[in-house]
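[1] how does the following fold in three dimensions:
(2 chains)
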Amino acid sequence: MDETVAEYIRRTVLKIPRDEIKAMLQKWGFLSEAQLETVNFRQIKENISQDVVQLCEENSADIKQAAVLDIIYNHIYPNKRVWSVYKMNKTGEETEVFELAEFKTKFKRRLRSALKNVTINFKEYEDNAIWIRIAWGTPYRTPNQYKPSYAVYHSQTPYVFISTSVFKSNLPLLCQALVVASNYHDIREMELRSHSLNSLKDIVFKRFSQNFQSYCPKPLQGRKVAPDTVDLRIVEENRSEKERIQRLNREAFGDGPQPKIEFAQYKLETMFKSDPKMNVLDKKEPFRCLVKFSSPHLLESLKSLAPAGMADAPLSPLLTCIPQKARNYFKIREKKGVLPESFVSP
Amino acid sequence: GVFAHLELLEAQAYKAAVKQEESEQQKEKLAGLRARVQELRLQRDDLRAKLDLQQKGQLGKEGVVSDPAQPSPRAVVEWKIKNLMSMLQVFYLTGISGKLTKRGVCFCISTAYEGTYLDSYHLDLLTKPEVQIYRHSLPVFIPLQQIAKKYLQTDIRRFLAVLSDHLNAYVGRRYQADQLQEHFSEQIEGTLQRNSLCNLLVFNYNVSSTSKTFPFHARLLYRDLCCSLPTEVDVSCASDAPAALAEMAAAHVGLFRRMALHKAFSSFSSAGESMD
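    As a prediction, this is how the structure comes out:
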């Protein structure tokens, strides 16, 4: 077994939390149950990884299997990376039949024709997600296995979720290969980024809860839970106001859990509006300003602002449109017209 | 001396002035509250009169206080609500229901396959200045834009019908594939390969009889996205297999073309065809 492969497997195993190592190796399926039984998973990770490398040596692992283990690790812990969403366009009307084997062949062929030294691996999952791992090299150097890029593609959808390595220069190659393999025409980056891959999927696949008005019989959630002991001396003075806020909040955010994004960024290129007598900024240039909201869970915290009394309901549509518009990076420019109102650029 | 005395008098005067101001304020407050009490009393009387009128009105022309044969107002309301809910349930069960919204209409397409109700999808439409889709919860691989381009502006009924066909067929195909994986997993070799629309299924399966198992490879293509049965079926067995096996493969092709996937499987599993 190649030294570099051994080292790579060793380092990958070290990344895994100790209690998860056995389960992940089982998912990998490269080592037999009998072999796994010989490893003591209670010792320190250093020793576990050495034992695992030893077993891989017995089975003559190559970079392909090692790459699959890496994919499995990233599939279970995708939140350690930042994912960006890309959207592909096609002008044709015919629905092509998507064949996995064809996709893989086309992708590999396209990428390899541009760059000889790449390692490409695929793994398909039950939810129709195809995980692609690409390790990049140069014409003179073998691929760097420690800085791979990942692309997650769901067949027959125009969306690809990409987590790049440091080598951003390879991104156009990756995009081209994806477009060719999936029979689309072009691809562009959406202004949507987050650590939580599943939340990004929820947003573009419209799996998050939107509050649709319908007569559909939905299971009624017990919104008003009568407390066990009602102290009649306590009177809620602001009940109607509270109910109004609840209603507006539900209209804006829906009932279910919100997709998890960590920040929203608004780039303002608007004119500073002031009293002309104040004489601030003689030059009529747009005032440049960047507003960034960040939070471990931005949408949930926005949802709780109005009920907590920290903001007026309804919240600004610039904040509530994030899942709807599938973006969290905005550019706000001056609207060119009679009324100098600002508008959000597409 | 004199100044001390003057100071004392000044202090007293000040105290007296403050007291007077306080008592004036209290008087004002009292007057205000009295007026409010009057107002509330008037409101109360008003409501009481209304209530009396309503109760009198329901007694009917006979003027009997309570007629056991006539249902109480509460029962009437409850019956009305029950009726409405059943009506809405009926609309929901037909598959397409809608509700007018402030700016347009929100449709709910509920799907089903052979008696099992599956997912519901929503479509929020705006009607001004022209009919457009505001938001929806349709899966992204359903060709919504294509269908909308064709029918949304001209024939909304057709638009909904076509969309409903696509959705029902999709969930039907998905349901069949799920059923296959759930109930016939022992017969499937390896993984069932499918795609998002579930319109291409590729898998290997076994048919066992007596003591032998015979492997087959199947490829089902559903070119018609509004159909939950495949348009092209390929079933093949090993190249060196006996002729009888090839016949079986051909028979299976017919089965897969005609009936639901999981039903086809249960038909040849239970038949227990024997091979000599």
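[2] C-alpha from now on. contacts and neighbour counts both.
    OK.
[3] report the buried residues of stretch B:240-251.
    Residues B:L245, B:A246, B:M248, B:A249 are the ones in stretch B:240-251 that count as buried (16 or more other C-alpha atoms under 10 Å in any protein chain shown).
[4] which stretches of the chain form strands?
    As the question left the chain open, I've gone with chain A. Ranges of strands in chain A, per DSSP state E, are A:83-89, A:118-124, A:129-136, A:149-154, A:159-163, A:186-194, A:263-270, A:287-294, A:329-334, A:342-344.
[5] you looked at the wrong chain, it should be chain B
    B:96-100, B:104-113, B:116-126, B:132-136, B:188-193, B:200-209, B:212-221, B:232-237.
[6] and the last one, which residues are buried?
    Of the residues in strand B:232-237, those scored as buried under the neighbour-count criterion (16+ other C-alpha under 10 Å) are B:V233, B:D234, B:V235, B:S236, B:C237.
[7] just the longest one next, same as before
    Applying a neighbour-count criterion of 16+ other C-alpha under 10 Å, the buried positions in strand B:116-126 are B:S120, B:Y121, B:H122, B:L123, B:D124, B:L125, B:L126.
[8] now for it, which elements pack on it?
    With contacts defined as 3 or more C-alpha pairs under 8 Å, 6 or more residues apart in numbering or on different chains; DSSP states H and E, the packing partners of strand B:116-126 are strand B:104-113, strand B:132-136.
[9] about what we covered before: of the strands of chain B, which is nearest A:K116?
    A:K116 sits nearest to strand B:188-193 of all the strands of chain B, at 29.8 Å, using C-alpha to C-alpha.
[10] ok, the closest one: who's next to it in the sheet?
    strand B:200-209 (antiparallel) (DSSP bridges).
[11] report the angle between the partner strand and strand B:212-221.
    Angle between the axes of strand B:200-209 and strand B:212-221 is 160 degrees (criterion: axes from the mean of the first three to the mean of the last three C-alpha atoms, to 10 degrees).
[12] could you give the angle of strand B:200-209 to strand B:232-237?
    Going by the same axes, to 10 degrees, strand B:200-209 makes 40 degrees with strand B:232-237.
[13] which two among the buried residues of stretch B:240-251 are spaced furthest apart?
    Using C-alpha to C-alpha, the two most remote members of those are B:L245 and B:A249, lying 6.3 Å apart.
[14] intersection of neighbour lists for these two?
    With contacts taken as C-alpha atoms under 8 Å, 6 or more residues apart in numbering or on different chains, the residues that reach both B:L245 and B:A249 are B:C237.
[15] could you list the domains of chain B?
    Split into domains by the TED database, chain B comes to B:91-170, B:184-272.
[16] and the last one, how far from the chain's centre?
    The gap between the average C-alpha position of domain B:184-272 and the chain average comes to 34 Å, counting by C-alpha atoms, centre = their mean, to the nearest Å.
[17] so for it, what's the average pLDDT?
    In this model, domain B:184-272 has an average pLDDT of 86.
[18] same check on the shortest one?
    Regarding domain B:91-170, the rounded mean pLDDT is 88.
[19] so how far is the first residue of that domain from its last?
    Start-to-end span of domain B:91-170 (C-alpha to C-alpha, to the nearest Å) is 21 Å.
[20] could you measure from B:F3 over to chain A?
    The gap separating B:F3 from chain A is 55 Å, by C-alpha to the nearest C-alpha, to the nearest Å.
[21] what residues sit buried inside stretch A:203-218?
    By 16+ other C-alpha under 10 Å, the buried positions in stretch A:203-218 come out as A:203-210, A:212-216.
[22] farthest-separated two in those?
    Applying C-alpha to C-alpha across the buried residues of stretch A:203-218, the maximum distance is between A:V204 and A:Y215, 25.4 Å.
[23] switch the buried residues of strand B:232-237 over to a markdown table; also include distance to chain A.
    Below are the buried residues of strand B:232-237 laid out as a markdown table (distance: C-alpha to the nearest C-alpha, whole Å):
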| residue | distance to chain A |
| --- | --- |
| B:V233 | 14 |
| B:D234 | 15 |
| B:V235 | 17 |
| B:S236 | 18 |
| B:C237 | 20 |
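[24] which among these gets closest to A:S304?
    Closest approach to A:S304 among the buried residues of strand B:232-237 (C-alpha to C-alpha): B:V233, at 53.4 Å.
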